[in-house]
Every structure is written in structure tokens, then in C-alpha cells.
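Participant: Structure for this input, please:
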Amino acid sequence: MIAIYNKVKMLGVVALTALALTACDDYLVTESQSSLSTDNAYSAAANIDQNLTGVYGALKPFAQYYLAMSEFRSDNLFITTEQKTNDYSDCAQFNNTGLLNDNTVSNCWADHYTLIAAANVLLDRMSGAGMTEAQVKQYTAEARFLRALSYFDLVRFFGRVPVSLHELSPSEAFAIPQSEPLEVYNQVIVPDLEYAIENLAETPVDYQGNEHSERVKNIAAKALLGKVYMQMAGYPLYQDTKDKAQALFAEVLTKLDNYWVSSMDSWNRMWVHENDNKNFIFEIQYVAEKGQGNPATPLSKPSNTYADDYCNAYLTTGPHVYVERDLQDHFLLSNTIENADGTTTEEYIDQRLVGTINTGQAYDEETGQYIGGATDQNNFLVKFFEHKIKRASLGLTNMDAEIVDRTCWPQNWPVLRIEDIMLLYAECVGNTTEGYNYLNKIRTRAGLSELKELSAENYQKAVAYERRCELLGEGHRWFDEVRQNTFVEDIRTMMVNYRDKRDQAHSSNYTIYANRVTQNSALYPIPMSQIRIREGLYTQNPGY
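Facilitator: Below you'll find the predicted structure:
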């Protein structure tokens, strides 16, 4: 795997990018912390390349936010206990009071603005480094793509956020008000990605002409802008941008063969680090070094008695996160599908099961089902957990010796992958031949039956459900539920299901959780650490 950064290099790059985190948590401020002068820190192409590496390196924490603030908050994954474990239960249980000072939420804000500040410094200081015009455009396009991704996350998580497109002094940063979400989209995210589409290469190269498969490609900018337009077309903005999204997705899908894996064996192998930078359109890079691993991996697995069976590394401080029980049932049990003509079709076990979740259930060879159905006990997400049992099943060597602690997991995080785009395109074109083609291509690879002749409503439900199953744990579900404005009903249904059918011991808790979910829950609160920067500068989101 070609790593974008390592620990030593990243520390040097942070100094060169001159990022400062002030005592008042003002993460838009950029002051020099380097003994190097501004001139020699940005005077050569090699320095610019190193600084761009630093911008990429700022992506490192993002995986945990996609998991904790999207998946935990959605009806995919759930934390069933009130126990506070790194504040993740606040996200899952809609604890509005706790979220105001929640470390995960405030760190998400801080880390995204750290990347934005790094990108802005680079963009403002890139001239004069002796690079060709084509090289400047390529590096600018990469930095603007990363900045757009950060602002896209911020506006989806927080709504009205402050915008900076240049390096700022502390006094300037203290005076920046929030922008309306539509302004952030139209003035920052869309222009940055349009520039990226126009100027990114099909195969990324550095200033010396060396190829870098880990850097952002032209196709990634098209895919991300398509996703931006889809989000804009949904709740709460309802902009007329869906056709633009569809057109971009169609362009991305002309490269389908570059990313599509046709067998379940290949699909299962996507989730080990040996296949980093091969199957995803864009991914966050990690390596098996202390402090440089994927921070989402330890969060995907609860502490339980099976820990030593999967990995010898200390993992017992992770939250108790479980796959939602009806979703467990989908993976565990065969289903009966009611067809439009009144007939029924028996589905097979979803073959993505072993690559997606651990069930702790025994498998009955005669019936082809898992005995006992869904349960919370020893259930956890394994898609990002590169444990020794998974590796042995794929014929790969045990890597326990490399995992010295919970910060060492090397598997990359997929920000964009082709199945995401296939299903969004299927959503756009509706229940047409083309839509069924992409939907069924994913289903049949998983051993499921083809769908056909569904009503328009049931077709869209099928696409949305397939996104849950295929992309489980990858950070898309909450954003899907918000743009489709189903999040209140979906989450309350999940809580009621736990209360009435599954877990009577905690029934009163689930009623409390369900009642917390309102239309205002679409956004997280602006962290109180930011509200306190300057009284009256920021307005808190409704409901907090």
C-alpha cells in the first residue's frame, strides 16, 4: 500500500502548513508554528507537494465521524446502553444536552476546519514555487476537492457554518459569521468541485510525473459533485439539482469496469489492506503504525468475550455498538419476497453476511439459516475489522503482531465507491430497465434474487434498503435518511421495535430515545466550544 503519510512526515507537514489551534478553539486561524520562513516553506515544488500531503493527512480522523455521527445516529447501528463511552451514545440516543459539549461532535468540527485551514494556506501560498501551469492546476484541484469534501461534511452535520477560502489572521477569524447552507453549497462546494472536475487528471501524478493511485482522480470529483447535487435536491433545501446529479453519475458509471468486483470473494477482499487503492474511487489512507491506523475500526466492534478470538490487541474500551436487529435478520435469515404479480420468491442468505457483520450464531447446514435469529449478544460490524479469523478465511497471513494497539488498523476507509454511485443512479432513473440493471447487479452478486415490476414507491424503497445492506457501516445512511426526510419515522420505528419486541429490560429507555427525535434532529448542535468564541457570532441550531 502506498501511504499518503506517516507519523514523522505528518508532524513536519503540519509545521510547514502553519496551522495553529488557539486556546479558544478557533480552528479557522492559521498562524506560523514553523522555524522555517514563509518563503522557503513554499518556495519549491517539493515543498508544495509535501504541504499537499499534509492536507491529505488531515483526513485521518474523518472515518470515525462517518461511523459515529452518521451510522450510529441512523437506524443501521445502535448503542443500547446509557453508559458513556467517548460520547458516542449521545449521537445514537439523540441526547441533545450531552451533544452540546460532546467531544466527538466538537472534534469533528475542529478536524474539518483543520483540513480547510491547511488547504487555504496551500492555495494562498502556491505561487512562486517554480511549478508549471498544469502542475499548479492539478495541485490546486486536489486541494479544492479536499476543501469541498470538508465543507460538504460540515454543512450536512451542522447546517449554517462559517466559511473561509483564504488564510486568516486571528482577528479576521473572530469576525466570520455563519453562512446559510445553500450559500455554502453554491459559493464553495460546487465551485470547488467544478474546478476539480475541469483540472484533475484521470491518473494523479506529482510534480515529478510519478503516479499516485492514492490521490484524488477526476472521476472522484464527478462522483462527489453528483452526491452533493443529490443532497441539495432533498430535504431541507429541495433544489432542482437531481438531473445534474444523474448526468454526473452516468459519466462515472462509464468507468464501472475499473471498480466493479463481480464475485463475493473479490468483494470480501476489498476490506483488507492488501487491496487498498484498488477498488474504491477515493479512500482515506491508513497504515499499520501506532497512531496511524483507521480510528473507526475499534469503534465497529463492542467489547465482549470474543475479543481474543478475533484479535489479541486491546479493544475492550470500545462502545457497545450493534447492528440494528431487523437488519441483522436480513443478513441472517432467508426472506420471502412478494412479487407484483402476486407470486412469491424465496431469497437466499445474503452472501455479504460474513464480510459485514459477526452474528455469534450457529449455522444450520440443512435449513441454510442461522439458528436463533437476530440478537445483540456478540453482534458487531466486521467490515472494517481486519481480524485474524477473517484473514485466515481469505488465505491471508495473521497480522496480529503488527497491531500493537487499537490505533494500528491499516485498512483504508472508502469515501466514494462505485456501488454507492450505482444505487444513487438507480434512484435517479427510477424503476426503468437501466435502474433495475444496476440494482440487480448488486443484489445478484450477493446471492439475492432479481427484482422486477415493482411499483414506483416500492422500487425506491428497494433501492434505499439495498443501500443500507451494501453500504452498511460506511457513513451514508444518516445522510440518506435526512435527504429523503425519513429520519424521524425511521429512528422512532427502530426504537419502538427495540422497546416492544426485543429488549423489555430497557423499554423505558427506548421510549425516551424515540421522543427525543424531532425534525430538528437533522442537524447536530454547533459545539459550545465554538459558540463561546465570541458572544453573538454564531447562532445555535434549533432544538439545542
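Participant: Can you list the residue ranges for strands in the stretch 1-150 of the chain?
Facilitator: Assigned by DSSP state E, counting those that start in this stretch, the strands in the stretch 1-150 of the chain fall at 77-79.
Participant: Could you do the chain as well?
Facilitator: For the chain, the strands defined by DSSP state E cover 77-79, 161-162, 178-179, 282-284, 321-323, 336-338, 344-346, 357-358, 363-364, 369-370, 380-381, 413-416.
Participant: Just give me the neighbour total for N485.
Facilitator: N485: 14 surrounding residues under other C-beta atoms under 10 Å. No exception for glycine: its C-beta is placed from N, CA and C like everyone else's.
Participant: residue contacts, it?
Facilitator: N485 makes contact with G234, Y235, P236, according to C-beta atoms under 8 Å, 6 or more residues apart in numbering.
Participant: next one: G355
Facilitator: M264, W267, N268, W271, V382, K383, K390 are the contacts of G355 under C-beta under 8 Å, 6+ apart.
Participant: Equivalent analysis for A92, please.
Facilitator: F72, R73, L77, F78, I79, V321.
Participant: Looking at those residues, which one is closest to D257?
Facilitator: L77 (32.1 Å; C-beta to C-beta).
Participant: From Q484, how far out is A426?
Facilitator: Note on A426: its distance to Q484, by C-beta to C-beta, to the nearest Å, is 14 Å.
Participant: same check, this time on Y139
Facilitator: Using C-beta to C-beta, Y139 is found at 37 Å from Q484.
Participant: Looking at the two, which is more packed in?
Facilitator: Neighbour count, other C-beta under 10 Å: between Y139 and Q484, Y139 has more, with 24 against 14.
Participant: Might you list the low-confidence residue ranges for the chain?
Facilitator: The chain contains residues with pLDDT under 70 at 1-40, 81-86, 301-318, 333-340, 344-348, 360-378, 500-506.
Participant: List the buried residues for stretch 485-497?
Facilitator: Buried residues in stretch 485-497, counted by 16 or more other C-beta atoms under 10 Å: T486, F487, V488, D490, I491, R492, M494, M495, N497.
Participant: Stretch 466-486 now?
Facilitator: Buried residues in stretch 466-486, counted by 16+ other C-beta under 10 Å: 466-483, 486.
Participant: Of those, which belong to helices?
Facilitator: Counting by DSSP state H, the part of these found in helices is E466, R467, R468, C469, E470, R477, W478, F479, D480, E481, V482, R483.
Participant: Enumerate every residue touching the first one.
Facilitator: Think E466. Applying C-beta under 8 Å, 6+ apart, one finds that E466 lies in contact with L423, L439, I442, R443.
Participant: Which one (most neighbours) among the residues you listed?
Facilitator: Comparing those on neighbour count, L439 comes out first with 25 neighbours (neighbours: other C-beta under 10 Å).
Participant: Quick one: residues contacting the residue nearest to that one when sequence neighbours are not counted.
Facilitator: Closest residue to L439 apart from its sequence neighbours, by C-beta to C-beta, 6 or more residues apart in numbering: A426 at 4.8 Å. For A426, the contact set (C-beta under 8 Å, 6+ apart) comprises E434, G435, Y436, Y438, L439, V463.
Participant: between the residues you listed, which is nearest L122?
Facilitator: The shortest approach to L122 among the contacts of A426 belongs to Y438, at 37.4 Å (C-beta to C-beta).
Participant: Tell me how far that closest one lies from Y425.
Facilitator: Distance from Y438 to Y425, by C-beta to C-beta: 6 Å.
Participant: From the chain's centroid, how far away is stretch 436-450?
Facilitator: Distance of stretch 436-450 from its chain centroid, counting by C-alpha atoms, centre = their mean, to the nearest Å, is 24 Å.
Participant: Next up, the contacts around the residue nearest to L451 when sequence neighbours are not counted.
Facilitator: Leaving aside its chain neighbours, L451 sits nearest to A462 (5.6 Å; criterion: C-beta to C-beta, 6+ apart). Shown in contact with A462 (C-beta under 8 Å, 6+ apart): L439, L451, L454.
Participant: Quick check: phi and psi at the second one.
Facilitator: In terms of degrees, to the nearest 10, the main-chain angles of L451 are phi -100, psi 150.
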